[in-house]
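Engineer: what's the 3D shape of this:
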Amino acid sequence: MKLNSNYAKLIKQKVVDLSDKGLVDDDLDDVFYKAVEQSTVLEELHLGWNRLTLGDRKLAAAIAKNKAIKVLDLYPNNIGLAGIKHLANVLKENNAIQELHLGSNNIGYEGAKCIANM
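Structural biologist: Take a look at the predicted model:
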């Protein structure tokens, strides 16, 4: 399901819930990433119950620039070690996130260490 984002609508939302849409990384478009990185009101980003890997770094890069997000829900997806490393690097820069939901991903012990050591 290719996402067809509406920038004007996304940039104004406090909560974006794209849970359970069957999304893969390629389904998220550049308009979505731009809205996430530039929004000053987005507090909750729910992307759970999809098939995201974070392997392409685009979502992680957008989150790094957004200092308003407090809740990031990625439970469950297909995030593996590479994706979790990208996310861990972002979380070192972005301390606004207060809740991070990563359960039922494929991060393993090494991925858990990356998050714990950020």
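
Engineer: just checking, residue 22 touches residue 50?
Structural biologist: Yes. Using CB atoms under 8 Å, residue 22 makes contact with residue 50 at a distance of 6.4 Å. Glycine gets a C-beta too; all of them are placed from N, C-alpha and C.

Engineer: Next SSE downstream of the longest helix belonging to the chain?
Structural biologist: Taking DSSP state H as the criterion, the chain has its longest helix at helix 81-93. Next in sequence after helix 81-93, counting helices and strands by DSSP states H and E, comes strand 99-101.

Engineer: Which other helices and strands does that following strand contact?
Structural biologist: Using 3 or more CB pairs under 8 Å, 6 or more residues apart in numbering; DSSP states H and E, the elements in contact with strand 99-101 are strand 71-73.

Engineer: Go through the strand it packs on and flag the buried ones.
Structural biologist: 72-73 (16 or more other CB atoms under 10 Å).

Engineer: quick revisit: more neighbours: which of residue 22 and residue 50?
Structural biologist: Set residue 22 next to residue 50 and count neighbours by other CB atoms under 10 Å: residue 50 wins out with 22 against 9.

Engineer: Check which helix or strand that one maps to.
Structural biologist: Of the helices and strands defined by DSSP H and E, none includes residue 50.

Engineer: Hmm, it is touching residue 19, no?
Structural biologist: Yes. Residue 50 is in contact with residue 19 according to CB under 8 Å; the separation is 7.2 Å.
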